[in-house]
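Let's see this in three dimensions:
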Amino acid sequence: MKTTTEKATAPALQGLAAAHAAYCQRLAELARESQQRWLELGQRLASESTRQYLAALTPLKVDGNWQQIAPALGELTRKQWQCQLEATQAVAHAALEDQAVLAAGVSEAVSGWLHYASAAATGGLATVPITRMWASFSDQMASTCSAMREASQAKVKHPD
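Coordinates of the predicted model:
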């Protein structure tokens, strides 16, 4: 009898392990994608900042006349503040967009895990009310996150 129980639980344990591995793999993919988005944003902001800084310094000519340099330095400072404000706005926007993408991805990963785990379980978890409630919640979260992502992308394409 003991060997029958062990044989019956072995596929269930393998299924649960596979579900867990798929879940962890999806979370790792989400982390890599997020890291890549932040890296690209950082590179873009640094490049823009450097370009604007060098463009602001271009009019400065070393001719010894400090009266001409003072207004240019003031303009340089103003442009740097403007660049920092734009960078802050870009970071805030990226954080909100990344949050929507991660929420949708985690919801997808949890739904997948729940699906695989219920398939692996011998009691048929798919019929348990909490499973149906979680599936409904996951579907709602996925549609909400998709709507947030679409709205965010539409705002990027058509700024106010």
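
Now do the buried residues in stretch 46-58.
Residues of stretch 46-58 classed as buried: S49, Q52, A56 (neighbour count, 16 or more other C-beta atoms under 10 Å). Every residue, glycine included, has its C-beta placed from N, CA and C.

Then stretch 86-100?
A87, A94, E97, D98, A100.

of the buried residues of stretch 46-58, closest to A22?
Using C-beta to C-beta, the shortest approach to A22 within these belongs to S49, at 40.7 Å.

what helix or strand does R78 sit in?
Following DSSP states H and E, the helix or strand that holds R78 is helix 66-120.

Check Q153 too.
Assigned by DSSP H and E, Q153 belongs to helix 129-157.

got a list of what the most centrally placed residue in the chain touches?
When the chain is reduced to its mean C-alpha position, the nearest residue by C-alpha atoms, centre = their mean turns out to be D98, at 2.8 Å. Residues touching D98, when contacts are defined by C-beta atoms under 8 Å, 6 or more residues apart in numbering, comprise S34, R37, W38.

from these, which single one is nearest S143?
After measuring the contacts of D98 against S143 - C-beta to C-beta - the closest member comes out as S34, at 21.0 Å.

Quick check: the closest residue to the closest one other than its chain neighbours vs L76, distance?
The spatial neighbour of S34 that comes closest, neighbours along the chain excluded (C-beta to C-beta, 6 or more residues apart in numbering), is D98 at 5.6 Å. Look at D98 and L76: by C-beta to C-beta, to the nearest Å, they are 32 Å apart.

cool, and A56?
Here A56 is placed at a distance of 4 Å from L76 (C-beta to C-beta).

now swap in Y23 and tell me
Between Y23 and L76 the distance, using C-beta to C-beta, works out to 51 Å.

what's the answer for S118, then?
Shown here: S118 relative to L76, a distance of 62 Å by C-beta to C-beta.

for S136, same thing?
As for S136, its distance to L76 is 56 Å (criterion: C-beta to C-beta).

quick one, which of those two is more surrounded?
When neighbours are counted by other C-beta atoms under 10 Å, S136 and L76 differ, and L76 comes out ahead with 18 against 10.

wait, isn't the more buried one in contact with A55?
No: with contacts counted by C-beta atoms under 8 Å, L76 stays clear of A55, the gap being 9.7 Å.

Point out where the protein drops to low pLDDT.
Filtered on pLDDT under 70, the chain yields the residue ranges 1-13, 59-65, 120-131, 155-160.
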